[in-house]
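K.L.:
Quick one, what's the 3D model for this:
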Amino acid sequence: MDFGLFGHFSAETLARMQFAFTVAFHIVFPAFSIGLASYLAVLNALWLWKKQPHYLALFDYWKKIFAIAFGMGVVSGIVMSYQFGTNWSVFSDKTGPVLGPLMAYEVMSAFFLEAGFLGIMLFGRNRVGPKLHMFATAMVAFGTLMSATWILSVNSWMQTPAGFSINEVGQFVPEDWWAIVFNPSFPYRLLHMTLAAFLTVAFVVGGVGAWHLLRGHRGQATNIMFSMAMWMAAVVTPLQIIAGDLHGINTLEHQPVKVMAMEGHYDSYPDGAPLILFGIPNSETKTVDYALQIPKLSSLILKHDLNAPLDGLDTIDDAEEPPVFIVFWSFRIMVGIGMAMLIVGLWGLWARYKSTLYTSRWLHRAVLVLAPTGFIAVLAGWVTTEVGRQPYTVYGLLRTSDSLAPIAAPAVAASLTAFIVVYFFVFGAGVFYIVQLMAKPPSLQKKSLQQGPVRASGTTPVIQMQSPTRKGPAQ
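P.N.:
From the prediction side, this is the model:
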């Protein structure tokens, strides 16, 4: 049976395409939830501290969006996990003794923590009191970070396996759980991904604030939203660049072939490697066509020495070479977005200094354009990490071709086609609804204003302020 565009691919290629498609949909929701949960915790703490209704309005505004994104992340994650049994059963069998417990710890400790306190965070402010509500909000934020910790430990072990032995039937058996969890690349990946989640949310929040500022919704809540986002962009982007540099050095130590593909180094450089800014990798001629490069800068970045030697892909067998074109360009997309974020973050600091942060329309337009780029950078970073690991699922030990379940290509093609149709319909509707919520400005509605902290006597303080007009929030 011919399944259109998918009818001519092998079962392995189709299984990889299916996993890539479902992960690409899934990963954006946890990345958004991690950053947004922490943002909600900060907003709630500021409301309790300063008693300014604008922080409460922003909390109520973003908690609805968080609830939808959290739900879509859970659903997409469940669907994705089934593929370990349907398409990658050999991988599951061989790595199960190591990765199975880590995945179980994530569900028991992190997901249950998030789910257990989510209802209190969303609906319990006037039912449990301000202190317990703040605790629940903090636990949801902590749970998202803890969930990321376990998942990144799993992925990092696949990149830099440690603390195991291989038994007589070819299974990876745990020997040292500390070495497994805290494998060599884990700290760098955790820091890099957490900062990426914070930056993603910062530019989404900033983009929403910029949208409403451009439309003339200059209420205090909108100003606070935009200002907080610009502070995050200015502070976190440089930290992310530093974290990325440390992660790159760690990758050079443990996965040098991936770095060769990222840099486009087909040849070895005994006296300093150039930084290839742009070009077209050509796997047939083993060159980067039309390369624009800076001499010796790659050696300076990776080894902090202009003349440090760097090996190239000419030192390995062609069968060990990852798809260079994909890795080369996904890495540059990620770095290019990071540079754009840095420029806008510094621009925001300058506008703040000149007292034009809320009036600079060109800054608002730039932030609005960059609003979705955090998701693109997360996806590009994931592609760099996973495609750069090929042809292995467990780096250097278990090849992707040896991880596949005994399945037929038509079966995978059919399920992939179904996933594409259902995902774009269901998750497309969810994203459309989130965008619709973002299109409305945060408002200081009477109902929100009455949700103040509950006193010991059980009464709620009355906040006196001017009611909002129909044209926008109260000024």
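K.L.:
can you give me the strands in the stretch 251-400 of the chain?
P.N.:
275-282, 287-294, 392-394, 398-399 (DSSP state E, counting those that start in this stretch).
K.L.:
Now do the first one and strand 287-294, the angle between them.
P.N.:
Angle between the axes of strand 275-282 and strand 287-294 is 160 degrees (criterion: axes from the mean of the first three to the mean of the last three CA atoms, to 10 degrees).
K.L.:
Assess the claim that residue 363 and residue 357 are in contact.
P.N.:
Yes. Using CB atoms under 8 Å, residue 363 is in contact with residue 357, at 7.5 Å. Any C-beta I mention is one placed from the backbone N, CA and C, and that applies to glycine too.
K.L.:
which residues do these two both contact?
P.N.:
348, 351 (CB atoms under 8 Å, 6 or more residues apart in numbering).
K.L.:
sorry, back to before: right, so the strands of the stretch 251-400 of the chain: which one is the most enclosed?
P.N.:
strand 392-394 (a mean of 22; mean count of other CB atoms under 10 Å).
K.L.:
quick one: pLDDT of the spatially closest residue to residue 158 that is not a sequence neighbour?
P.N.:
Spatial nearest neighbour of residue 158, excluding adjacent residues (CB to CB, 6 or more residues apart in numbering): residue 394 at 5.4 Å. According to the prediction, residue 394 has pLDDT 93.
K.L.:
about what we covered before: quick one, which of the strands of the stretch 251-400 of the chain gets closest to residue 74.
P.N.:
Across these, the minimum distance to residue 74, taken as CB to CB, is reached by strand 392-394, at 24.8 Å.
K.L.:
Determine the set of other helices and strands touching the closest one.
P.N.:
helix 89-105, strand 398-399 (3 or more CB pairs under 8 Å, 6 or more residues apart in numbering; DSSP states H and E).
K.L.:
In TSV, list those along with mean pLDDT.
P.N.:
Below are the helices and strands packed on strand 392-394 laid out as TSV (pLDDT from 0 to 100):
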stretch	mean pLDDT
helix 89-105	90
strand 398-399	92
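K.L.:
And these: which comes nearest residue 420?
P.N.:
helix 89-105 (22.7 Å).
K.L.:
what's the helix or strand following that closest one packed up against?
P.N.:
Next along the chain after helix 89-105, taking DSSP states H and E as the criterion, comes helix 112-123. Applying 3+ CB pairs under 8 Å, 6+ apart, we find helix 112-123 packed against helix 53-86, helix 130-159.
K.L.:
Any buried residues in the shortest one, and which?
P.N.:
Judged by neighbour count using 16 or more other CB atoms under 10 Å, the buried positions of helix 130-159 are 130, 133-134, 136-159.
K.L.:
Repeat that for stretch 351-368.
P.N.:
351, 352, 357, 358, 360, 363, 364, 366, 367, 368.
K.L.:
measure the closest residue to the fourth one other than its chain neighbours to residue 213 for me?
P.N.:
Going back to what we said before, that points to residue 358. By the measure of CB to CB, 6+ apart, the closest residue to residue 358 outside its immediate chain neighbours is residue 223, 5.5 Å from it. Counting by CB to CB, to the nearest Å, the gap between residue 223 and residue 213 amounts to 8 Å.
K.L.:
overlap in contacts of the two?
P.N.:
residue 358.
K.L.:
neighbour count winner among those two?
P.N.:
More crowded of residue 223 and residue 213, by other CB atoms under 10 Å: residue 213, with 25 against 17.
K.L.:
Would you check that the more buried one makes contact with residue 225?
P.N.:
No. Contact criterion CB under 8 Å: residue 213 and residue 225 do not qualify, at 9.4 Å.
K.L.:
residue contacts, the nearest residue to residue 357 once chain neighbours are set aside?
P.N.:
In space, and not counting its chain neighbours, residue 357 is closest to residue 351: 4.6 Å by CB to CB, 6+ apart. Applying CB under 8 Å, 6+ apart, we find residue 351 in contact with 230, 357, 360, 363.
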